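[1] Based on what follows, work out the 3D shape:
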Amino acid sequence: MKDLDIPLNSERDLTIPALNLEQNFTTTTPGDYPDIYKNQLQQSIDNTPSDTITCYTDGSKTDEGCGAGYIITTDNNNTIIHEESHRLPNCCTVFQAELSTITEACNHLITHTNKHIIIWTDSLSSIQALTTLNNNSRTVANCLNSLNHLGANNNL
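    Model (predicted):
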């Protein structure tokens with residue numbers, strides 16, 4: 001995660017505002033029916049084709065520091081392809097941690113082509129930032145670039 005270009009403070013995460021016109025990936029959120037979504041979530045995971053690459057990401061921040069990690073599996077979570085976790089600078093926000101681990105997972109998966117890849121995150125704010133039309137966050141821009149690059153050669 002050393003190449004993630006995370007700024008040393010949240011004020012420095014700003015970049016020149018840009019329009020997000022390219023989206024080589026799809027997103028799904030609970031929408032207005034979170035209880036139905038939660039009930040169907042395990043069924044969705046269980047019914048994922050075995051050749052699908054699945055990635056679970058998470059970022060967090062506590063009084064002790066900030067960190068992020070991901071695990072990439074296939075064969076309905078029976079085979080671990082790769083897993084990684086890292087400590088991030090204490091100045092990072094949870095939002096930056098969540099986005100940075102999605103970015104890092106995409107960067108690890110970039111050599112895969114013509115695959116069906118699902119990235120699971122519990123960060124609604126990250127999904128919203130990645131699907132909005134306007135962006136002025138360097139962390140969001142880096143994540144968008146990684147997702148679009150991976151999605152250009154895969155079903156993401």
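[2] for the record, mean pLDDT for stretch 74-82?
    The predicted model assigns stretch 74-82 a mean pLDDT of 94.
[3] Same question for stretch 40-60.
    Mean predicted confidence for stretch 40-60 is 91.
[4] Restricting the selection to alpha carbons, write that stretch to CSV.
    Listed in CSV are the C-alpha atoms of stretch 40-60, where the atom choice follows Å, rounded to 0.1, in the frame of the first residue of the first chain:
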residue,chain,number,x,y,z
GLN,A,40,-30.6,-11.8,0.1
LEU,A,41,-26.9,-11.1,0.6
GLN,A,42,-25.9,-14.5,1.9
GLN,A,43,-27.9,-16.1,-0.9
SER,A,44,-26.1,-13.9,-3.5
ILE,A,45,-22.7,-15.0,-2.1
ASP,A,46,-23.7,-18.7,-2.0
ASN,A,47,-25.0,-18.5,-5.6
THR,A,48,-21.9,-16.8,-7.0
PRO,A,49,-20.4,-19.0,-9.8
SER,A,50,-17.3,-20.8,-8.6
ASP,A,51,-15.0,-19.3,-11.2
THR,A,52,-15.9,-15.7,-10.0
ILE,A,53,-13.1,-13.9,-8.2
THR,A,54,-14.5,-12.3,-5.0
CYS,A,55,-12.7,-9.6,-3.0
TYR,A,56,-13.7,-8.5,0.5
THR,A,57,-12.4,-5.1,1.6
ASP,A,58,-12.4,-3.2,4.8
GLY,A,59,-10.8,-0.1,6.3
SER,A,60,-11.0,1.2,9.9
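[5] Enumerate the positions of it that are buried.
    Of the residues in stretch 40-60, those scored as buried under the neighbour-count criterion (16 or more other CB atoms under 10 Å) are 48, 53-59. All C-beta atoms are positioned from the backbone trio N, CA, C, and that covers glycine.
[6] Surely Glu135 is within a helix?
    Careful, residue 135 is Asn and not Glu. No. Assigned with DSSP: H, G, I helix; E, B strand; the rest coil, Asn135 falls outside any helix and is strand.
[7] Distance check, it against Gln23.
    In this structure, Asn135 and Gln23 are 12 Å apart, going by CB to CB, to the nearest Å.
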